[in-house]
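S.K.: here is my input, please return the structure:
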Amino acid sequence: MTPESLQKHAGILMERIQKKPVIANELINTYIASHKHFDGNDKRALLDLVWRIVRTMARLKFAYPNDTWEARARALMTDGVPEVKEAPNHIKWEVAEWFIEHVPEAEKELPALLENPPIILRAIGDREKVQAVLREDGIETTPTKLSPYGLILPEYKNLTGTKAWKDGLVEIQDEGAQLAALDIGVKPGNTVFDFCAGAGGKSLIFAQMMQNKGLIWAYDITAKKLFELVKRATRAHIDIIQIQPQLPPPTKQFDYVVVDAPCSGCGTWRRSPNMRWHLTEKQLQHIVKSQTEILNRAEAYVNEGGRLAYITCSLTTDENENQIDLFLKTHPNYKIIKQKRYSPARTGTDGFFLCLMEKV
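M.R.: Predicted coordinates:
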């Protein structure tokens with residue numbers, strides 16, 4: 001594909017993505033699938049260019065306000081990302097203006113969200129041995145600095161055909177998510193209720209920490225997400241996870257109840273830059289209300305002396321510290337054991353928040 005043709009296709013895609021940023025992946029995949037003449041190199045080049053544009057949308061529009069997306073694509077390929085020194089911070093940081101005041105230390109955190117992060121794996125078993133198995137398939141990795149399980153994949157590789165993947169030796173999981181789970185501190189023999197389990201990333205790392213000894217209940221309001229957890233647990237040879245398609249009454253209580261709450265997801269915008277243009281103030285308010293309800297419901301399953309962990313992949317105070325302050329006002333029988341933030345600026349990871357509380 002010629003540069004001119006590449007810019008033209010990128011421009012067409014950007015017109016569509018700008019209207020519906022939340023489904024950017026779907027729009028790109030559909031567009032590529034409809035162009036049968038694209039070869040592998042064409043697809044990779046178009047994907048790379050489109051995501052480069054998505055990551056710099058606000059700066060490109062500021063620098064070239066009257067240009068088409070095709071012209072902006074040409075400028076990006078020719079001149080690189082515009083510096084826009086005279087632009088306001090929300091343009092430089094690629095966020096809505098209203099959003100800045102919701103993020104503590106925004107001047108550090110939001111520029112760091114512009115980075116293009118590496119893919120992080122979680123090794124299941126001895127990390128060096130897992131590296132050796134990946135190497136047999138031509139995949140080189142380096143250990144993460146903070147998580148003892150993490151491996152950095154410097155560039156995208158399809159892992160599904162590798163021995164390490166088939167044998168259940170690796171999962172894709174950001175180092176920040178690993179650190180949040182590790183800081184909760186579950187141990188072999190514990191009972192754990194993963195209250196917002198989704199596809200099971202936290203349940204799986206808990207099972208690893210527990211050496212497959214104990215009990216983990218996994219529940220999610222969207223039960224179909226749990227089907228993926230069943231497949232992943234089977235592949236990882238884990239048998240202590242019990243799926244709960246419906247929320248049972250709180251007659252059974254647990255050593256740990258973990259609420260990985262639905263959130264704005266802004267801590268992961270490095271990986272999903274299109275989503276930074278989807279969030280609105282009204283949506284954030286709705287998310288916060290939902291989180292409050294979920295946390296209040298989940299605490300009923302905590303043993304006396306047990307622990308309640310609240311996690312988000314968000315950087316906003318609304319979803320994090322403010323949420324905990326509100327919970328403690330209405331639940332004085334809890335005390336904070338630890339409260340931590342992980343982020344691109346602080347830990348070089350995706351953005352996460354953890355508050356671990358004890359029921360006293």
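S.K.: residues touching residue 173, list them.
M.R.: 120, 121, 122, 201, 205 (C-beta atoms under 8 Å, 6 or more residues apart in numbering). (C-beta placed from N, C-alpha, C; glycine too.)
S.K.: contacting residues for the last one?
M.R.: Under the criterion of C-beta under 8 Å, 6+ apart, the contact list for residue 205 reads 122, 149, 173, 177, 178, 181, 182.
S.K.: all strands of the stretch 51-200 of the chain, in order?
M.R.: Using DSSP state E, counting those that start in this stretch, the strands of the stretch 51-200 of the chain run over 119-123, 142-143, 150-153, 170-172, 191-194.
S.K.: now could you export just the CA positions of the first one as PDB?
M.R.: In PDB, the C-alpha atoms belonging to strand 119-123 read as follows (Å, rounded to 0.1, in the frame of the first residue of the first chain):
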ATOM      1  CA  ILE A 119       2.100  -6.300  26.900                       C
ATOM      2  CA  ILE A 120       2.600  -7.900  30.400                       C
ATOM      3  CA  LEU A 121       2.200 -11.600  31.000                       C
ATOM      4  CA  ARG A 122       1.700 -13.400  34.300                       C
ATOM      5  CA  ALA A 123       3.900 -16.500  34.600                       C
END
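S.K.: and it, what does it pack onto?
M.R.: Helices and strands touching strand 119-123, by 3 or more C-beta pairs under 8 Å, 6 or more residues apart in numbering; DSSP states H and E, are strand 150-153, strand 170-172, helix 175-184.
S.K.: dump the ones you listed into CSV; add distance to residue 17 and mean neighbour count as well.
M.R.: Shown next, in CSV, are the helices and strands packed on strand 119-123 (distance: least, C-beta to C-beta, whole Å; neighbours: other C-beta atoms under 10 Å):
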stretch, distance to residue 17, mean neighbour count
strand 150-153, 26, 20
strand 170-172, 24, 20
helix 175-184, 26, 24
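S.K.: okay, the ones you listed in JSON lines with mean pLDDT and distance to residue 72 next?
M.R.: Below are the helices and strands packed on strand 119-123 laid out as JSON lines (pLDDT from 0 to 100; distance: least, C-beta to C-beta, whole Å):
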{"stretch": "strand 150-153", "mean pLDDT": "96", "distance to residue 72": "30"}
{"stretch": "strand 170-172", "mean pLDDT": "95", "distance to residue 72": "32"}
{"stretch": "helix 175-184", "mean pLDDT": "97", "distance to residue 72": "32"}
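S.K.: for residue 316, which of the ones you listed is the nearest?
M.R.: Counting by C-beta to C-beta, residue 316 lies closest to helix 175-184 out of the helices and strands packed on strand 119-123; the figure is 15.6 Å.
S.K.: closest to residue 297 out of the contacts of residue 173?
M.R.: residue 201 (21.3 Å).
S.K.: contacting residues for that closest one?
M.R.: With contact taken as C-beta under 8 Å, 6+ apart, residue 201 is in contact with 171, 173, 177.
S.K.: can you do 6 Å?
M.R.: For residue 201, the contacting residues are residue 173, by C-beta atoms under 6 Å, 6 or more residues apart in numbering.
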